[in-house]
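K.L.:
next comes the sequence, and after it the predicted model I'd like to discuss.
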Amino acid sequence: MNFKKILSIIFGLIIIWLLIAFAFKYKNNSHTSTIVPIIKTNKTNKKEAITDNKSNRIKSQLPKQTLPLSNSPKDVAWRLFQKYLAYDKIGDLKGVKSVVYKVASVCENPKTAIDCKARMNLAYLYGSKLKKEDFVNVWNDKKQIILATNFKIQEDANVIGRNRAIIFFIRDKKGLKMLSFSPFKGAVSDKGTASKKELNYRIINYTEDKDKDGIADYKEECLAVKTGEICVKTNPNLRDTNGDGWWDGIETLIN
Ligand SMILES: [Ca+2]
Ligand SMILES: [Ca+2]
Ligand SMILES: [Ca+2]
């Protein structure tokens with residue numbers, strides 16, 4: 001074998017090696033070109049995920065959309081009553097004072113704080129059992145709102161009663177305030193020997209409130225006065241007897 005032959009073999013081998021190297025590189029390049037879009041896609045997904053997380057975080061920080069609060073007198077009054085009960089529940093006298101026209105006398109004196117607390121507990125106990133939908137009577141004007149359920153008759157072997165739940169509110173300079181609430185406002189009568197008809201007549205007469213001013217007509221006419229009690233008669237057919245804007249039943253609670 002001469003030198004020229006050896007050179008041509010070496011040269012041939014180099015050419016083959018270069019072709020193999022080129023082919024190998026091309027193969028790798030073609031893989032890379034496939035991987036790149038995958039990586040890009042992954043990056044895009046990640047970016048989208050980050051954006052989604054961000055927008056979710058922003059969404060969670062925004063106030064939750066709620067339906068606008070109704071301004072109907074019943075809804076406004078009921079919301080205030082619920083606020084009052086919430087304060088009663090936790091024994092927050094300051095809170096109670098912020099929503100009522102005046103507090104009970106036991107809550108004005110720090111010496112009777114225990115009685116005040118018991119009163120708040122009782123108010124919550126009875127108040128929380130009341131249902132908004134039962135307050136089908138809503139009497140309202142610019143100075144006051146009364147929410148009342150229909151009357152219920154309750155009786156046992158000896159007595160018969162007619163009562164309803166009623167909540168009084170007044171509007172003063174600071175807005176609506178709760179004036180008073182009674183879960184069982186009505187009257188009770190001993191059955192004695194009276195007939196059923198007589199008993200019904202009696203309890204209806206004791207409790208009926210024709211002019212819807214929050215006080216029974218019987219009381220307006222001072223027919224329920226006990227000995228030594230002072231009673232100022234009001235008109236059972238007129239809500240505001242003295243014409244000062246406050247209804248007769250509201251006025252007895254304000255003073
Ligand atoms: Ca009345
Ligand atoms: Ca009246
Ligand atoms: Ca009046």
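P.N.:
Yep, that arrived. Ligands and ions are numbered 1, 2, ... in the order given.

K.L.:
let me see the domain layout of the protein.
P.N.:
For the chain, automatic domain parsing gives the domain ranges 73-192, 208-255.

K.L.:
quick one, what contacts the residue of the stretch 51-200 of the chain found nearest ligand 2?
P.N.:
Per CB to the ion, Trp139 is where the stretch 51-200 of the chain lies closest to ligand 2, at 11.9 Å. Glycine gets a C-beta too; all of them are placed from N, C-alpha and C. Going by CB atoms under 8 Å, 6 or more residues apart in numbering, Trp139 touches Ile145, Ile146, Ala148, Lys212, Asp213, Gly214, Trp247.

K.L.:
did I read that right, it in a strand?
P.N.:
Yes: applying DSSP: H, G, I helix; E, B strand; the rest coil, one finds Trp139 inside a strand.

K.L.:
which strand residues bridge it?
P.N.:
Beta-bridge partners of Trp139, counted by DSSP bridges, are Ile146.

K.L.:
any idea how far it lies from ligand 1?
P.N.:
11 Å (CB to the ion, to the nearest Å).

K.L.:
try Thr112
P.N.:
Shown here: Thr112 relative to ligand 1, a distance of 33 Å by CB to the ion.

K.L.:
who's in contact with the residue nearest to that residue when sequence neighbours are not counted?
P.N.:
Sequence neighbours aside, Val106 is the residue nearest to Thr112 in space, at 4.3 Å (criterion: CB to CB, 6 or more residues apart in numbering). Residues near Val106 by CB under 8 Å, 6+ apart: Thr112, Asp115, Cys116, Arg119.

K.L.:
thought Ile254 was touching Phe169?
P.N.:
No: distance between Ile254 and Phe169: 11.6 Å, which falls outside the contact criterion (CB atoms under 8 Å).

K.L.:
higher neighbour count, these two?
P.N.:
Legend: neighbour count by other CB atoms under 10 Å for Ile254 and Phe169, higher for Phe169 (26 against 14).

K.L.:
the more buried one belongs to a helix, doesn't it?
P.N.:
No: assessed with three-state DSSP, Phe169 is strand; it does not lie in a helix.

K.L.:
any idea what it is bridged to?
P.N.:
With DSSP bridges applied, the residues forming beta bridges to Phe169 are Ile145, Met178.

K.L.:
which residues does it contact?
P.N.:
Phe169 neighbours (CB under 8 Å, 6+ apart): Ala77, Leu80, Gln144, Ile145, Ile146, Leu147, Leu176, Lys177, Met178, Leu179.

K.L.:
now do Asn137
P.N.:
By CB under 8 Å, 6+ apart, the contact list for Asn137 reads Ile146, Leu147, Ala148, Thr149, Asn150, Lys212.

K.L.:
now Val232
P.N.:
By CB under 8 Å, 6+ apart, the contact set of Val232 is Cys222.

K.L.:
quick one: which helix or strand includes it?
P.N.:
Per DSSP states H and E, Val232 falls between elements, in no helix or strand.

K.L.:
before we move on, what about Glu198?
P.N.:
Glu198 belongs to helix 196-207, assigned by DSSP H and E.

K.L.:
cool, Leu85 as well?
P.N.:
Assigned by DSSP H and E, Leu85 falls in helix 73-90.

K.L.:
residue contacts, Ile250?
P.N.:
Applying CB under 8 Å, 6+ apart, we find Ile250 in contact with Lys143, Gln144, Ile146, Phe168, Ile170, Leu179, Asp213, Gly214.

K.L.:
wasn't it part of a helix?
P.N.:
Yes: counting by three-state DSSP, Ile250 is located in a helix.
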